[in-house]
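S.K.: Here is my input; please provide its structure:
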Amino acid sequence: MNVQKLLTVFFFSVFFISASAQVFPAKKYPQGYFLWPLVAKVALAANFGELRPNHYHMGLDCKTEQRENVTVVAAADGYVAKVKIEPYGFGRCIYINHPNGLTTVYAHLNNFNPALEKYIKEQQYQLKNWKVFIDIPGSLFLVKKGQFIAYSGNTGGSQGPHTHFEIRDTKTDKVLNPLLFGFPIADNIPPDILRLAVYDRGISTYEQSPKFYPLKKVNGVYITSPAVLIHNTDKVSFAITAYDRYTGSFNKNGIYQAVLFDDESPVVGFQMDSISYDETRYLNAHIDYKLRSNGGSFVQHLSRLPGYVKGIYKEVSGDGVINIDNESVHHISIEVKDAYGNTSLLKFGVERGRGKQEKNIPGPEMDQQQIIFHPNFINVFENDKVSFYLPENSLYDLFRFRYNEIIPAKGFPIFQLHNTTVPVQTMFPVKIKNTVTNHPDKMVMHRFGNGKDDYAKAVNENGWYKASFREFGSFQLLEDTIPPTITPIGFREGMHTTKLNRLAFVITDATEELINFTAMLDGQWLRFSNDKGRIFIYKFDEHCPPGAHELIISVEDCVGNKTEKIYHFTR
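M.R.: Residues are numbered from 1 along each chain as shown. Next up, the predicted model:
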């Protein structure tokens, strides 16, 4: 590389490091305060901010050497503040509060330490519920840094053995990026930028497919081919597909930060840090949701959609939509960083072409063929058969709403309320008219689309049946008069269970929506676990002493259909 190229690379490196620091100042989180939460090799399966269906990944997935029951330890001094147990999500989870105002979270665990395990079991029996979220008095379970708190597992929404670890601001419950706290993870590899997407922002992001450009790396800088991109519009925005990797790992992890520059001036950027669970669904505004829902890859917008609260974005001189309505070339740069400061740079030019420009979607007026839904407004659709409304914070960008009605060979009509390529932030109520059902108290609304099914009890409001959902798709009323079924596994009526270590039952229902499972042993509530919502399991313990027993299993679905079975066995 000659002297001129060296000076050029040095200038751009210094400029962008300085400029991006102005957009996102350095964090001042305590370094070395927290210990790695596992007695195992320090290794990551996933980092903070990775893109997942409908949410950001909100912590670190710490590898457990592909096995369960690795020792999990307290990352710092503190006290156990909460314990959560649920069939999905975190599974079995511990929250520890620390004196520096932060909370650490440890999820997908197996057994807790014996004292905590005993306490939680007692609480479950008092509450008569296996699924719990318990606040624990701060004086009960004090912990020291490095103290054993649990064994790792694969419970809840986990797809393989690991421990999910988070650091939160105790007061605000904002989740912070743990990689900013100085854990000993080697990383000297800059992020990979795979491709660039360009959008015509004269029209909705949901009404187009972006133009993709492949990238190549020249002298350490990613560039497009061609070097100057020509688009027949006066407004464009950009998105990227990018990943991060750690030294010695081939995992494709999420990037930490990206900043967009127009003619060397910062415009907007996003940073994966300080995100609450109330905000995590806004991932659907951060990515090209339509592309992803149709089977495409994740691309991350370098612009804030109009219905997205600021969240992870910081605006400096705009929301990321670039005006190219003059005759000059805009010199665009996108700087991408990981949490350790390793940086990649993408540079290209963009100018307006002289071709015909697409017309924007019209304003809120509509005709018989077209209804326009707008972000930041209440949007309503209704006719004499179906109606719904979206609260004002439901949409991220405008789109043409599409509606269709299908009369199936069997069953009630199906109403297609747009499709699954447009995301919705909030729950919204849907009403369907029905005056012919013989079972008004047994009505269920079924939403389906793109391979996913949702069911909810439909409440009768003067012949209109109402339920709430969070996605568009096809909606149909169902009459559900069939009670759930109870099927024992490896167990039967009158059995001697001396050789068994557990009782297990599979519960199935037409709508997959159980609201109650209760087991009574000799008239006393018995704790059955239900990890991942598949099988209800009781492991024999002191609550089932030797002798003859009567077990009553009762289940109820969302419209009140009930099934009860009685079993007798000897222990």
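S.K.: For residue 488, which residues are in contact?
M.R.: Residue 488 makes contacts with 503, 504, 505, 567, as judged by CB atoms under 8 Å, 6 or more residues apart in numbering. Glycine gets a C-beta too; all of them are placed from N, C-alpha and C.
S.K.: This structure: helices as residue ranges?
M.R.: Remark: helices assigned in the chain by DSSP state H are 3-23, 114-127, 283-286, 289-293.
S.K.: picking up where we left off before, just to be sure, which of the contacts of residue 488 are found in strands?
M.R.: The strands, defined by DSSP state E, take in 503, 504, 505, 567 from the contacts of residue 488.
S.K.: okay, those in TSV with pLDDT, distance to residue 40 and neighbour count next?
M.R.: Below are these laid out as TSV (pLDDT from 0 to 100; distance: CB to CB, whole Å; neighbours: other CB atoms under 10 Å):
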residue	pLDDT	distance to residue 40	neighbour count
503	97	33	25
504	97	31	18
505	97	35	23
567	98	42	19
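S.K.: So, low pLDDT: which residues of the stretch 351-500 of the chain?
M.R.: Judged by pLDDT under 70, the stretch 351-500 of the chain has its weakly predicted residues at 355-369.
S.K.: please redo it, this time with the cut-off set to 80
M.R.: Scanning the stretch 351-500 of the chain for pLDDT under 80 picks out 354-370.
S.K.: ditto for the chain
M.R.: Ranges of the chain meeting pLDDT under 80: 1-22, 310, 354-370, 512-513.
S.K.: can you list the domain ranges for it.
M.R.: Domain assignment for the chain, taken from automatic domain parsing, gives 44-181, 192-352, 371-479, 485-570.
S.K.: I'd like these as CSV, with distance to residue 34 appended.
M.R.: Shown next, in CSV, are the domains of the chain (distance: least, CB to CB, whole Å):
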stretch, distance to residue 34
domain 44-181, 4
domain 192-352, 15
domain 371-479, 33
domain 485-570, 28
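S.K.: For residue 24, which of those domains is the nearest?
M.R.: Residue 24 lies closest, by CB to CB, to one member of the domains of the chain: domain 192-352, at 5.2 Å.
S.K.: Start and end of that closest one, how far apart?
M.R.: End-to-end distance of domain 192-352 (CA to CA, to the nearest Å): 28 Å.
S.K.: Check stretch 389-397 too.
M.R.: From the first residue to the last, stretch 389-397 extends over 16 Å; the measure is CA to CA.
S.K.: Please apply the same query to stretch 24-40.
M.R.: Across stretch 24-40, the terminal residues are separated by 34 Å (CA to CA).
S.K.: and that stretch, which residues are buried?
M.R.: Of the residues in stretch 24-40, 24, 29, 33, 34, 36, 37, 38, 40 count as buried by neighbour count, 16 or more other CB atoms under 10 Å.
S.K.: Thought residue 181 was touching the second one, still the case?
M.R.: This means residue 29. Yes: with contact defined as CB atoms under 8 Å, residue 29 reaches residue 181; the gap is 5.2 Å.
S.K.: ok so, going back, tell me the one of the contacts of residue 488 nearest residue 396?
M.R.: residue 505 (42.9 Å).
S.K.: So what sits opposite that closest one in the bridge?
M.R.: Beta-bridge pairing for residue 505 (DSSP bridges): residue 488, residue 536.
S.K.: For it, list the residues it contacts.
M.R.: So residue 505 contacts 486, 487, 488, 489, 528, 535, 536, 553 (CB under 8 Å, 6+ apart).
S.K.: Also residue 449?
M.R.: Residues near residue 449 by CB under 8 Å, 6+ apart: 419, 420, 471, 472, 473, 474.
S.K.: Go again with 7 Å.
M.R.: By CB atoms under 7 Å, 6 or more residues apart in numbering, residue 449 lies in contact with 419, 420, 473, 474.
S.K.: Look up the residues forming beta bridges with the nearest residue to it once chain neighbours are set aside.
M.R.: What sits nearest to residue 449 in space, not counting adjacent residues and going by CB to CB, 6 or more residues apart in numbering, is residue 473, at 2.9 Å. On the basis of DSSP bridges, residue 473 is bridged to residue 417.
S.K.: wait, what's in contact with residue 473?
M.R.: Contact analysis of residue 473 by CB under 7 Å, 6+ apart lists 417, 419, 420, 447, 448, 449.
S.K.: From residue 471, how far off is the fifth one?
M.R.: Translated: residue 448. The gap separating residue 448 from residue 471 is 10 Å, by CB to CB, to the nearest Å.
S.K.: Looking at the two, which is more packed in?
M.R.: Ranked by neighbour count (other CB atoms under 10 Å), residue 448 and residue 471 place residue 471 first, with 21 against 16.
S.K.: what about residue 347, neighbour count?
M.R.: Neighbour tally, residue 347, other CB under 10 Å: 17.
S.K.: Keeping just the C-alphas, turn stretch 97-108 into PDB.
M.R.: Provided in PDB are the C-alpha atoms of stretch 97-108 (Å, rounded to 0.1, in the frame of the first residue of the first chain):
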ATOM      1  CA  ASN A  97     -29.800  -8.100  43.100                       C
ATOM      2  CA  HIS A  98     -26.400  -6.500  43.700                       C
ATOM      3  CA  PRO A  99     -25.400  -3.500  45.800                       C
ATOM      4  CA  ASN A 100     -24.200  -1.500  42.800                       C
ATOM      5  CA  GLY A 101     -27.800  -1.100  41.500                       C
ATOM      6  CA  LEU A 102     -27.600  -4.000  39.000                       C
ATOM      7  CA  THR A 103     -29.400  -7.300  38.800                       C
ATOM      8  CA  THR A 104     -28.100 -10.500  37.200                       C
ATOM      9  CA  VAL A 105     -30.500 -13.100  35.700                       C
ATOM     10  CA  TYR A 106     -29.700 -16.800  35.100                       C
ATOM     11  CA  ALA A 107     -32.200 -18.800  33.000                       C
ATOM     12  CA  HIS A 108     -32.900 -22.300  31.600                       C
END
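S.K.: quick one: contacts for residue 43?
M.R.: Applying CB under 7 Å, 6+ apart, one finds that residue 43 lies in contact with residue 63.
S.K.: now residue 201: how far from residue 282?
M.R.: From residue 201 to residue 282 the distance is 19 Å (CB to CB).
S.K.: Let me see the contact set for residue 425.
M.R.: With contact set as CB under 7 Å, 6+ apart, residue 425 has these partners: 281, 393, 394.
S.K.: With residue 247 instead?
M.R.: The neighbours of residue 247, taking CB under 7 Å, 6+ apart as the test, are 186, 187, 188, 189.
S.K.: Then residue 380?
M.R.: residue 389.
S.K.: any idea how far it lies from residue 429?
M.R.: Distance of residue 380 to residue 429, given as CB to CB: 11 Å.
S.K.: got any residues that touch both of those two?
M.R.: Residues within reach of residue 380 and of residue 429 at once, by CB under 7 Å, 6+ apart, are residue 389.
S.K.: measure residue 99 to residue 79 for me?
M.R.: 9 Å.
S.K.: And the two? Which one has more around it.
M.R.: Each of residue 99 and residue 79 has its neighbours counted (other CB under 10 Å); residue 79 has more, 18 against 10.
S.K.: For ChimeraX, write the select line for the buried members of the contacts of residue 505.
M.R.: Command for ChimeraX, covering only those of the contacts of residue 505 found buried under the criterion 16+ other CB under 10 Å:
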select :486,488,528,535,536,553
